[in-house]
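Trainee: predicted structure and sequence below. I'll ask about it afterward.
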Amino acid sequence: MLKTLSLGAIGLRGVPVVAAIELAEASGFDAISVDIAELQMLVGDRGIDTVRSLFASAGVRPGFWGLPFSWADDAKRAEGLKALPAQMEIANQLGVPLAASGVSPTSDERDYAENLAFHTPKLREVGEALKAGGVRLAMEFIGPKTIRREHKYEFAYSMPRLLGLIDAAGTGNIGLTLDIWHLYTSGATTADLDHLTRDQIGIVHVNDAPAGIDRDEQQDLVRALPLATGVLDIVPFMQKLKALGFDGPVMPEPFSKSLEELAASDPRAAANETARSMNALWDAAGLG
(Lines give C-alpha, C1' and ligand atoms only; values in the text may rest on other atoms or scores of the structure.)
Protein backbone atom coordinates (compact mmCIF):
# COMPACT_ATOMS: atom_id res chain seq x y z
CA MET A 1 0.00 0.00 0.00
CA LEU A 2 1.15 3.52 -0.74
CA LYS A 3 1.14 6.07 2.07
CA THR A 4 -0.26 8.99 0.10
CA LEU A 5 -0.25 12.62 1.16
CA SER A 6 -2.97 15.08 0.19
CA LEU A 7 -1.91 18.53 1.29
CA GLY A 8 -5.47 19.83 1.09
CA ALA A 9 -6.61 17.22 3.61
CA ILE A 10 -4.22 18.61 6.23
CA GLY A 11 -5.03 22.25 5.54
CA LEU A 12 -2.43 23.15 2.92
CA ARG A 13 -4.02 24.46 -0.27
CA GLY A 14 -2.55 25.98 -3.37
CA VAL A 15 0.87 24.39 -2.83
CA PRO A 16 2.66 23.83 -6.17
CA VAL A 17 3.29 20.21 -7.06
CA VAL A 18 7.06 20.63 -6.87
CA ALA A 19 6.79 21.82 -3.27
CA ALA A 20 4.30 19.03 -2.52
CA ILE A 21 6.80 16.45 -3.76
CA GLU A 22 9.49 17.93 -1.55
CA LEU A 23 7.21 17.91 1.49
CA ALA A 24 6.18 14.30 0.87
CA GLU A 25 9.80 13.24 0.50
CA ALA A 26 10.84 15.01 3.68
CA SER A 27 8.05 13.42 5.72
CA GLY A 28 8.43 9.93 4.27
CA PHE A 29 5.29 9.51 2.17
CA ASP A 30 5.32 7.18 -0.82
CA ALA A 31 2.99 9.24 -3.01
CA ILE A 32 0.94 12.42 -3.31
CA SER A 33 -2.45 13.22 -4.75
CA VAL A 34 -2.05 15.43 -7.80
CA ASP A 35 -3.95 17.98 -9.85
CA ILE A 36 -3.89 16.66 -13.41
CA ALA A 37 -4.38 20.12 -14.94
CA GLU A 38 -1.39 21.42 -12.98
CA LEU A 39 0.71 18.46 -14.10
CA GLN A 40 -0.36 19.09 -17.68
CA MET A 41 0.88 22.67 -17.45
CA LEU A 42 4.11 21.58 -15.75
CA VAL A 43 4.78 19.04 -18.49
CA GLY A 44 4.08 21.74 -21.07
CA ASP A 45 6.62 24.03 -19.41
CA ARG A 46 9.36 21.55 -18.51
CA GLY A 47 8.76 18.40 -20.54
CA ILE A 48 7.65 14.94 -19.49
CA ASP A 49 11.15 13.66 -18.71
CA THR A 50 11.83 16.50 -16.29
CA VAL A 51 8.53 15.99 -14.49
CA ARG A 52 9.17 12.24 -14.26
CA SER A 53 12.57 12.94 -12.74
CA LEU A 54 11.06 15.29 -10.15
CA PHE A 55 9.06 12.39 -8.79
CA ALA A 56 11.73 9.72 -9.28
CA SER A 57 14.56 11.64 -7.65
CA ALA A 58 12.39 12.25 -4.58
CA GLY A 59 11.23 8.64 -4.39
CA VAL A 60 7.63 9.92 -4.46
CA ARG A 61 4.93 8.75 -6.85
CA PRO A 62 1.83 10.50 -8.13
CA GLY A 63 -0.85 8.42 -6.38
CA PHE A 64 -4.05 9.56 -8.06
CA TRP A 65 -5.71 12.67 -9.48
CA GLY A 66 -9.09 14.21 -8.95
CA LEU A 67 -11.41 14.08 -11.93
CA PRO A 68 -11.27 17.77 -12.93
CA PHE A 69 -14.95 18.26 -13.65
CA SER A 70 -18.37 17.53 -12.18
CA TRP A 71 -19.46 14.43 -14.07
CA ALA A 72 -23.15 14.69 -13.08
CA ASP A 73 -23.47 18.21 -14.57
CA ASP A 74 -24.18 17.94 -18.31
CA ALA A 75 -22.42 21.14 -19.35
CA LYS A 76 -19.37 20.59 -17.14
CA ARG A 77 -19.13 16.95 -18.18
CA ALA A 78 -19.23 17.84 -21.88
CA GLU A 79 -16.51 20.44 -21.43
CA GLY A 80 -14.42 18.19 -19.21
CA LEU A 81 -14.54 15.28 -21.62
CA LYS A 82 -13.01 17.46 -24.33
CA ALA A 83 -9.90 18.03 -22.23
CA LEU A 84 -9.72 14.49 -20.86
CA PRO A 85 -7.76 12.68 -23.61
CA ALA A 86 -4.74 14.97 -23.27
CA GLN A 87 -4.91 14.73 -19.49
CA MET A 88 -5.09 10.94 -19.57
CA GLU A 89 -2.05 10.87 -21.83
CA ILE A 90 -0.08 12.83 -19.22
CA ALA A 91 -1.42 10.57 -16.45
CA ASN A 92 -0.29 7.43 -18.26
CA GLN A 93 3.10 8.90 -19.06
CA LEU A 94 3.58 9.60 -15.35
CA GLY A 95 2.29 6.19 -14.28
CA VAL A 96 -0.88 7.37 -12.56
CA PRO A 97 -3.88 5.94 -14.47
CA LEU A 98 -6.22 6.45 -11.50
CA ALA A 99 -8.75 9.28 -11.10
CA ALA A 100 -11.04 10.04 -8.18
CA SER A 101 -14.52 11.52 -7.89
CA GLY A 102 -17.69 11.18 -5.85
CA VAL A 103 -21.46 11.31 -5.92
CA SER A 104 -24.10 13.21 -3.98
CA PRO A 105 -25.61 11.15 -1.15
CA THR A 106 -29.02 12.84 -1.39
CA SER A 107 -31.60 14.52 -3.59
CA ASP A 108 -34.57 16.78 -3.05
CA GLU A 109 -36.03 16.09 -6.52
CA ARG A 110 -35.62 12.38 -7.28
CA ASP A 111 -36.14 9.23 -5.23
CA TYR A 112 -33.49 6.50 -5.32
CA ALA A 113 -34.76 4.70 -8.43
CA GLU A 114 -35.23 7.95 -10.34
CA ASN A 115 -31.82 9.20 -9.29
CA LEU A 116 -30.16 5.94 -10.28
CA ALA A 117 -31.69 6.24 -13.74
CA PHE A 118 -30.63 9.90 -13.88
CA HIS A 119 -26.99 9.29 -12.91
CA THR A 120 -26.28 5.98 -14.65
CA PRO A 121 -25.85 7.20 -18.25
CA LYS A 122 -23.75 10.16 -17.10
CA LEU A 123 -21.37 7.96 -15.13
CA ARG A 124 -21.29 5.45 -17.97
CA GLU A 125 -20.22 8.15 -20.42
CA VAL A 126 -17.36 9.22 -18.17
CA GLY A 127 -16.37 5.65 -17.39
CA GLU A 128 -16.22 4.78 -21.08
CA ALA A 129 -14.10 7.85 -21.83
CA LEU A 130 -11.67 6.99 -19.04
CA LYS A 131 -11.56 3.34 -20.11
CA ALA A 132 -10.61 4.39 -23.63
CA GLY A 133 -7.62 6.17 -22.13
CA GLY A 134 -6.64 3.28 -19.85
CA VAL A 135 -7.70 5.05 -16.66
CA ARG A 136 -9.66 3.71 -13.69
CA LEU A 137 -12.07 5.83 -11.65
CA ALA A 138 -12.46 5.54 -7.86
CA MET A 139 -15.82 6.83 -6.59
CA GLU A 140 -16.45 7.95 -3.00
CA PHE A 141 -19.73 7.71 -1.10
CA ILE A 142 -20.60 10.32 1.54
CA GLY A 143 -22.06 8.66 4.63
CA PRO A 144 -23.11 10.96 7.49
CA LYS A 145 -26.72 11.04 8.55
CA THR A 146 -26.32 14.71 9.48
CA ILE A 147 -26.24 15.38 5.73
CA ARG A 148 -28.84 12.84 4.69
CA ARG A 149 -31.57 13.96 7.08
CA GLU A 150 -31.51 17.48 5.66
CA HIS A 151 -32.82 16.25 2.30
CA LYS A 152 -35.94 14.52 1.03
CA TYR A 153 -34.35 11.43 -0.54
CA GLU A 154 -31.24 9.39 0.16
CA PHE A 155 -29.13 8.28 -2.78
CA ALA A 156 -25.69 6.66 -3.01
CA TYR A 157 -24.61 7.33 0.58
CA SER A 158 -23.39 3.78 1.31
CA MET A 159 -21.12 1.16 -0.17
CA PRO A 160 -23.94 -1.09 -1.46
CA ARG A 161 -25.78 1.84 -3.02
CA LEU A 162 -22.69 3.21 -4.73
CA LEU A 163 -21.78 -0.26 -5.98
CA GLY A 164 -25.29 -0.42 -7.43
CA LEU A 165 -24.62 2.74 -9.41
CA ILE A 166 -21.22 1.47 -10.51
CA ASP A 167 -22.71 -1.84 -11.62
CA ALA A 168 -25.47 -0.03 -13.51
CA ALA A 169 -22.86 2.06 -15.36
CA GLY A 170 -21.21 -1.21 -16.29
CA THR A 171 -17.94 0.04 -17.75
CA GLY A 172 -15.72 -2.27 -15.71
CA ASN A 173 -13.14 0.36 -14.77
CA ILE A 174 -14.96 2.07 -11.89
CA GLY A 175 -14.40 1.14 -8.24
CA LEU A 176 -14.55 2.65 -4.78
CA THR A 177 -12.73 5.26 -2.83
CA LEU A 178 -13.20 3.58 0.51
CA ASP A 179 -13.14 6.02 3.43
CA ILE A 180 -13.39 4.37 6.85
CA TRP A 181 -15.17 7.44 8.30
CA HIS A 182 -17.86 7.34 5.61
CA LEU A 183 -18.11 3.56 6.03
CA TYR A 184 -18.79 4.11 9.74
CA THR A 185 -21.23 7.00 9.33
CA SER A 186 -23.17 5.14 6.63
CA GLY A 187 -23.93 2.42 9.19
CA ALA A 188 -21.56 -0.25 7.90
CA THR A 189 -18.72 -2.06 9.68
CA THR A 190 -15.40 -3.56 8.76
CA ALA A 191 -17.19 -6.88 8.26
CA ASP A 192 -18.83 -5.40 5.17
CA LEU A 193 -15.46 -5.45 3.43
CA ASP A 194 -15.85 -9.23 3.21
CA HIS A 195 -18.23 -8.60 0.30
CA LEU A 196 -15.57 -6.76 -1.73
CA THR A 197 -12.83 -7.87 -4.09
CA ARG A 198 -9.49 -6.18 -4.63
CA ASP A 199 -10.58 -4.88 -8.01
CA GLN A 200 -13.51 -2.98 -6.46
CA ILE A 201 -11.19 -0.72 -4.42
CA GLY A 202 -9.21 2.06 -6.05
CA ILE A 203 -8.28 4.41 -3.20
CA VAL A 204 -8.53 4.26 0.60
CA HIS A 205 -8.97 7.19 3.01
CA VAL A 206 -8.03 6.76 6.66
CA ASN A 207 -8.86 8.91 9.67
CA ASP A 208 -10.59 8.71 13.05
CA ALA A 209 -13.81 10.19 14.42
CA PRO A 210 -14.23 12.62 17.32
CA ALA A 211 -14.94 10.84 20.59
CA GLY A 212 -18.13 11.35 22.57
CA ILE A 213 -20.34 11.97 19.53
CA ASP A 214 -22.97 9.48 18.43
CA ARG A 215 -22.40 7.98 14.98
CA ASP A 216 -25.52 9.63 13.56
CA GLU A 217 -24.42 13.04 14.89
CA GLN A 218 -20.95 13.02 13.33
CA GLN A 219 -20.32 16.06 11.14
CA ASP A 220 -18.48 15.83 7.84
CA LEU A 221 -15.13 17.65 7.76
CA VAL A 222 -14.67 17.18 11.53
CA ARG A 223 -12.43 14.19 12.03
CA ALA A 224 -9.02 13.22 13.39
CA LEU A 225 -5.82 11.49 12.38
CA PRO A 226 -5.85 7.68 12.30
CA LEU A 227 -5.69 6.10 15.80
CA ALA A 228 -6.16 9.49 17.47
CA THR A 229 -9.39 8.67 19.32
CA GLY A 230 -10.00 4.95 18.86
CA VAL A 231 -13.59 5.49 17.71
CA LEU A 232 -13.03 3.86 14.33
CA ASP A 233 -11.98 0.22 14.19
CA ILE A 234 -9.18 0.99 11.81
CA VAL A 235 -6.65 -1.76 12.53
CA PRO A 236 -8.97 -4.61 11.41
CA PHE A 237 -10.00 -2.40 8.50
CA MET A 238 -6.42 -2.17 7.28
CA GLN A 239 -5.79 -5.86 7.89
CA LYS A 240 -8.80 -6.78 5.76
CA LEU A 241 -7.48 -4.57 2.96
CA LYS A 242 -4.15 -6.33 3.20
CA ALA A 243 -5.88 -9.72 3.04
CA LEU A 244 -7.72 -8.58 -0.09
CA GLY A 245 -4.39 -7.75 -1.69
CA PHE A 246 -4.99 -4.02 -1.89
CA ASP A 247 -1.77 -2.20 -2.73
CA GLY A 248 -3.01 1.20 -3.88
CA PRO A 249 -3.04 4.70 -2.37
CA VAL A 250 -3.96 5.06 1.30
CA MET A 251 -4.51 8.73 2.10
CA PRO A 252 -5.02 10.27 5.54
CA GLU A 253 -7.97 12.65 5.50
CA PRO A 254 -8.18 13.97 9.07
CA PHE A 255 -9.88 17.34 8.54
CA SER A 256 -8.47 18.28 11.94
CA LYS A 257 -8.62 21.89 13.09
CA SER A 258 -5.52 21.53 15.27
CA LEU A 259 -3.56 19.97 12.41
CA GLU A 260 -4.69 22.69 10.01
CA GLU A 261 -3.57 25.34 12.51
CA LEU A 262 -0.17 23.64 12.70
CA ALA A 263 0.01 23.50 8.91
CA ALA A 264 -0.64 27.23 8.67
CA SER A 265 2.43 27.98 10.77
CA ASP A 266 4.67 25.02 9.99
CA PRO A 267 3.78 22.87 6.95
CA ARG A 268 6.68 20.50 7.54
CA ALA A 269 5.58 19.83 11.11
CA ALA A 270 2.02 19.11 9.95
CA ALA A 271 3.25 16.69 7.31
CA ASN A 272 5.52 15.00 9.85
CA GLU A 273 2.68 14.63 12.34
CA THR A 274 0.50 13.10 9.64
CA ALA A 275 3.31 10.72 8.69
CA ARG A 276 3.77 9.75 12.35
CA SER A 277 0.12 8.77 12.49
CA MET A 278 0.39 6.72 9.31
CA ASN A 279 3.52 4.96 10.51
CA ALA A 280 1.79 4.10 13.79
CA LEU A 281 -1.15 2.69 11.81
CA TRP A 282 1.17 0.59 9.66
CA ASP A 283 2.84 -0.79 12.79
CA ALA A 284 -0.45 -1.50 14.57
CA ALA A 285 -1.88 -3.32 11.56
CA GLY A 286 1.31 -5.24 10.82
CA LEU A 287 1.67 -3.81 7.35
CA GLY A 288 5.46 -3.72 7.38
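Mentor: Yep, it's here.
Trainee: which residues in the stretch 1-150 of the chain form helices?
Mentor: Taking DSSP state H, counting those that start in this stretch, the helices of the stretch 1-150 of the chain run over residues 17-27, 36-46, 48-58, 74-93, 112-132, 145-148.
Trainee: these into TSV, with extra columns for mean neighbour count, distance to residue 202 and mean pLDDT?
Mentor: C-beta: built from backbone N, CA, C; applies to glycine. Shown next, in TSV, are those (neighbours: other CB atoms under 10 Å; distance: least, CB to CB, whole Å; pLDDT from 0 to 100):
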stretch	mean neighbour count	distance to residue 202	mean pLDDT
helix 17-27	20	20	98
helix 36-46	16	15	97
helix 48-58	15	20	98
helix 74-93	16	14	98
helix 112-132	17	11	98
helix 145-148	17	23	98
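Trainee: how about CSV for those helices, with distance to residue 169 added?
Mentor: Putting the helices of the stretch 1-150 of the chain into CSV (distance: least, CB to CB, whole Å) gives the following:
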stretch, distance to residue 169
helix 17-27, 30
helix 36-46, 21
helix 48-58, 31
helix 74-93, 13
helix 112-132, 4
helix 145-148, 22
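Trainee: so which of these gets nearest residue 277?
Mentor: Residue 277 sits nearest to helix 17-27 of all those, at 11.0 Å, using CB to CB.
Trainee: that older thread, residue 269 is nearest to which of the helices of the stretch 1-150 of the chain?
Mentor: Nearest to residue 269 among the helices of the stretch 1-150 of the chain is helix 17-27; the distance by CB to CB comes to 9.4 Å.
Trainee: need the residues that contact the closest one.
Mentor: Residues outside helix 17-27 that contact it (CB atoms under 8 Å, 6 or more residues apart in numbering): 5, 7, 12, 15, 31-32, 34-35, 38-39, 42, 54-55, 58-60, 267-268, 271-272, 274-275.
Trainee: distance of residue 33 from residue 246?
Mentor: With the distance defined as CB to CB, to the nearest Å, residue 33 ends up 17 Å from residue 246.
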